[in-house]
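A.B. asks: What shape does this take:
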Amino acid sequence: MAGFNVVNEPIRTVWLPVHYNAETLYQGQFVTLDSTTPDYGLKAWNVAGANDTTVDQVPLGIVIGFNNKTPVFNTTYKAEYGLSVSTVAAQLARDWTGAEGMWSKSEPALLAQIALVDPTTYIKGRIFNGTYGTACTVVTNTTADATGATITTATMDEVDVAGGSIWYCRSGSNMGLYRVSYSASATAHTFYLTWPNGLAANDTFVRVDLALGTCKGMFDSVGTYIEQYGDDAQYATNYIYMTVISMNLKDAGNEYAIFRLTPNNFFPVSRT
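C.D. replies: Next comes the predicted model:
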């Protein structure tokens with residue numbers, strides 16, 4: 001699976017032109033028509049600002065493919081991609097295949113087919129740590145706790161998001177179980193709902209900054225995956241709201257969440 005994909009039926013699709021200014025889009029990427037210049041074409045949906053106060057772009061859909069006659073593959077995002085062109089010569093030099101809908105079969109511009117999204121759309125998204133394809137970091141408990149209330153680790157890259165960080169036990173007597181931490185710490189991670197078995201030194205865990213139900217989340221800068229970590233400082237400036245219904249943190253490199261975007265993501269607020 002490349003990037004994000006819609007997992008509920010029916011999937012509604014549409015063909016749209018890609019932004020004229022040498023825009024590169026990827027299969028599985030969230031895209032938008034910027035509310036300030038929608039006629040210029042599809043762009044990556046970048047979460048640049050708190051989405052309830054400062055965002056002037058809204059998610060339109062997820063890229064399925066392009067009208068390239070011969071698909072081209074990007075090794076970073078493990079997906080088909082398209083690079084837009086604007087001049088007469090560059091458009092006519094393309095080798096394209098006919099799109100559908102309102103677009104002529106002779107249309108030489110780069111078009112992308114997208115799966116439309118709205119607040120009722122369920123989406124499956126990969127979870128990576130920092131870059132596409134980098135598996136979630138595994139951490140080790142360093143101090144035994146018979147009460148099952150506290151995981152102690154070396155200093156983590158980001159502090160817990162209180163009530164918004166879920167933990168999965170990869171090894172130890174709690175293997176296969178999930179718990180949500182309430183601490184805001186990089187070393188001492190505490191739980192109201194304790195682990196049912198005592199925590200031993202060298203038990204291993206994966207933490208992601210999501211929670212079941214409505215929570216804050218972060219995507220990468222081009223909208224192709226969910227970031228594993230998002231500390232309070234980041235969440236104060238760059239985030240989305242999402243309603244998570246399921247997660248799978250069992251397999252390294254294949255971690256994912258199934259979620260909906262909350263309605264406020266679809267109502268832009270101009271930065272000006």
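
A.B. asks: Can you give the distance of stretch 163-182 from its chain's centre?
C.D. replies: On the basis of CA atoms, centre = their mean, to the nearest Å, stretch 163-182 sits 21 Å off its chain's mean C-alpha point.

A.B. asks: In it, which of the residues would be classed as buried?
C.D. replies: By 16 or more other CB atoms under 10 Å, the buried positions in stretch 163-182 come out as 164-170, 172, 174, 179-182. The way it works is simple: take the backbone N, C-alpha and C, and place the C-beta from them, glycine included.

A.B. asks: how about Val208, what does it touch?
C.D. replies: Neighbouring residues of Val208 by CB atoms under 8 Å, 6 or more residues apart in numbering: 127, 136, 165-166, 226, 228-229, 247, 249, 255, 257.

A.B. asks: who are the neighbours in contact with the spatially closest residue to it that is not a sequence neighbour?
C.D. replies: Among residues not flanking Val208 along the chain, Gln228 sits closest, at 5.1 Å (CB to CB, 6 or more residues apart in numbering). By CB under 8 Å, 6+ apart, the contact list for Gln228 reads 127-130, 136-137, 207-209, 255.

A.B. asks: cutoff 10 Å now
C.D. replies: Contacts for Gln228 (CB atoms under 10 Å, 6 or more residues apart in numbering) come out as 127-130, 134-137, 157-158, 206-210, 218, 249, 255.

A.B. asks: so Tyr239 bridges to which residues?
C.D. replies: Counting by DSSP bridges, Tyr239 is bridged to Ala50.

A.B. asks: After the helix or strand hosting Trp15, which helix or strand is next?
C.D. replies: Element membership for Trp15 (DSSP states H and E) is strand 13-17. Downstream of strand 13-17, the first helix or strand assigned by DSSP H and E is strand 24-26.

A.B. asks: residues in contact with that next one?
C.D. replies: By CB under 10 Å, 6+ apart, strand 24-26 touches 2-3, 18-19, 31, 41-44, 63, 66, 74, 76-84, 110, 112, 114, 132, 222-224.

A.B. asks: The next helix-or-strand element following it pairs with which strands?
C.D. replies: Note on strand 24-26: by DSSP H and E, the next helix or strand toward the C-terminus is strand 30-32. Strands that pair with strand 30-32, judged by DSSP bridges, come out as strand 43-44 (antiparallel), strand 61-66 (antiparallel).

A.B. asks: For the next helix or strand after the last one, list every residue counted as buried.
C.D. replies: Next along the chain after strand 61-66, taking DSSP H and E as the criterion, comes strand 72-74. Using 16+ other CB under 10 Å as the burial criterion, none of the residues of strand 72-74 qualify.

A.B. asks: what helices or strands is strand 72-74 leaning on?
C.D. replies: Strand 72-74 is packed against strand 79-83, with contacts defined by 3 or more CB pairs under 10 Å, 6 or more residues apart in numbering; DSSP states H and E.

A.B. asks: so what secondary structure elements neighbour the strand it packs on?
C.D. replies: Using 3+ CB pairs under 10 Å, 6+ apart, the elements in contact with strand 79-83 are strand 24-26, strand 61-66, strand 72-74, strand 111-116.

A.B. asks: For the last one, name the packing helices and strands.
C.D. replies: On a contact count with 3+ CB pairs under 10 Å, 6+ apart, strand 111-116 meets strand 5-6, strand 13-17, strand 24-26, strand 30-32, strand 61-66, strand 79-83.
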